[in-house]
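[1] Got a predicted model here, sequence first, then my questions.
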Amino acid sequence: MSAFDDTAPGRRHGWLSPSLLIGAGLSVLIVLAALVSYGWTPYPPTQMAILQRLQGPSAAHWFGTDQFGRDVFSMIMVGARNSLAVGLGAVGIGMVLGTALGLLAALRRDGLLDNLIMRTADFTHAFPAVLTAIMMTAIAGPGMLNAVVAIGVLNLPYFARLARGAALQVWAQDFIQAARANGLSNRQITTAHVLPNIAGILVVQATIQFALAVLAEAGLSYLGLGTQPPNPSWGRMLNEAQTFMATQPWLAIFPGAAIALAVLGLNLLGDGLRDAIDPRLRRSR
């Protein structure tokens, strides 16, 4: 059986997709850095050593030190932890509440509640997401928790629209009519049949929104509205590196590369999962 045969078990399930493998590898790398940082970093990430400030990458400091003598590699490891925490919280809020609203809208399709939910989602899309997050955190105050809530609220319409569209397709299937004939209520059908059938596409969307949440958190921290000192943040590291771009470019290169790899990995993972879940997309390529 050829490795390029679409009927091969690995190919059929999408596990040989380059996007999935590369995305999973990069994502696991970021997650491992975050997890390891709970128990070990080369140096305490907030420890200042003025006599060792602005040192270049070396055996002692793999990614160099910043203007306060802090180890950049240690800060990036802890920054991964903070970025993933914001991403998980924001996507969790958007996915849980947005999916619930989308399922409710599909259940009450063409009704007042459906129109209210969808028109609210359309109204939200009319405003740039990052600018809206900046406005919300500026009003509520800077901080990780406010960043999570702001980004999470912006995720709501994406999941609501996706869940509604996918749920409507499931409600039109014949097995739903059979479930009705067996006396199942709308709530039972939603939890037992509709939600399991749309879970895959929701997971794919969650992966993509996770990447956007990491990028949004970096942007908010860059502006001073996200994760606050002394907690390390990739975005704030970029902000602090501006002054030293001409003489110590590594201060911007390493956190910038961390953001790029995290976003790239999550996007590739989402693309690979999409191909694995929907074989029609894979056959069309």
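    Nice, I can see it.
[2] worst-scoring helix or strand of this protein, pLDDT-wise?
    Taking mean pLDDT, DSSP states H and E as the measure, the chain has helix 9-12 as its least confident helix or strand, at a mean of 44.
[3] Past that one, which element shows up next along the chain?
    Following helix 9-12 in sequence order, the next helix or strand is helix 18-37 (DSSP states H and E).
[4] Contact partners for L266?
    Shown in contact with L266 (Cβ atoms under 8 Å, 6 or more residues apart in numbering): 23, 26-27, 207-208, 210-211, 214. Yep, even glycine has a C-beta here, placed from its N, CA and C like the rest.
[5] again, but for V153
    93-94, 136.
[6] On the three-state scheme, it is what?
    When classified by DSSP: H, G, I helix; E, B strand; the rest coil, V153 comes out as helix.
[7] Tell me, what's the model's pLDDT at it?
    V153 carries a pLDDT value of 89.
[8] what about it, distance to L54?
    Between V153 and L54 the computed distance is 40 Å (Cβ to Cβ, to the nearest Å).
[9] what do you get for L162?
    As for L162, its distance to L54 is 47 Å (criterion: Cβ to Cβ).
[10] on that earlier part again, among the contacts of V153, which one lies nearest to D122?
    G94 (16.4 Å; Cβ to Cβ).
[11] which one is that closest one nearest to, not counting chain neighbours?
    Closest residue in space to G94, ignoring its immediate chain neighbours: N155 at 2.4 Å, by Cβ to Cβ, 6 or more residues apart in numbering.
[12] Neighbour count for L162 and L54, which is higher?
    Just comparing L162 and L54: by other Cβ atoms under 10 Å the higher neighbour count belongs to L162, 21 against 15.
[13] Report the contact partners of the more buried one.
    L162 makes contact with 98, 102, 201-202, 205 under the criterion Cβ under 8 Å, 6+ apart.
[14] so where does it fall, helix or strand?
    Assigned by DSSP H and E, L162 falls within helix 144-171.
[15] Can you give the contact residues for the very next helix or strand once past that helix?
    Beyond helix 144-171 in the direction of the C-terminus, DSSP H and E gives the next helix or strand as helix 174-181. Residues from elsewhere that reach helix 174-181 (Cβ under 8 Å, 6+ apart): 170, 188-189, 192-194.
[16] Out of those, list just those in strands.
    Using DSSP state E, the subset of the contacts of helix 174-181 located in strands is empty.
[17] now the protein, which segments are flagged as low pLDDT?
    When residues are selected by pLDDT under 70, those of the chain lie in 1-16, 278-285.
[18] Pop out the phi and psi values for the residue nearest to the spatial centre of it.
    With distances taken as Cα atoms, centre = their mean, F210 lies nearest the centre of the chain, 0.7 Å away. F210 has phi and psi values of phi -60, psi -50 when expressed as degrees, to the nearest 10.
[19] Show me the helices in the stretch 51-200 of the chain, by range?
    Using DSSP state H, counting those that start in this stretch, the helices of the stretch 51-200 of the chain run over residues 72-107, 112-125, 129-140, 144-171, 174-181, 186-189, 195-222.
[20] what about those, which gets the closest to W62?
    Of all those, helix 72-107 sits nearest to W62, with 4.6 Å by Cβ to Cβ.
[21] give me the number of residues near T243?
    Using other Cβ under 10 Å, T243 has 11 neighbouring residues.
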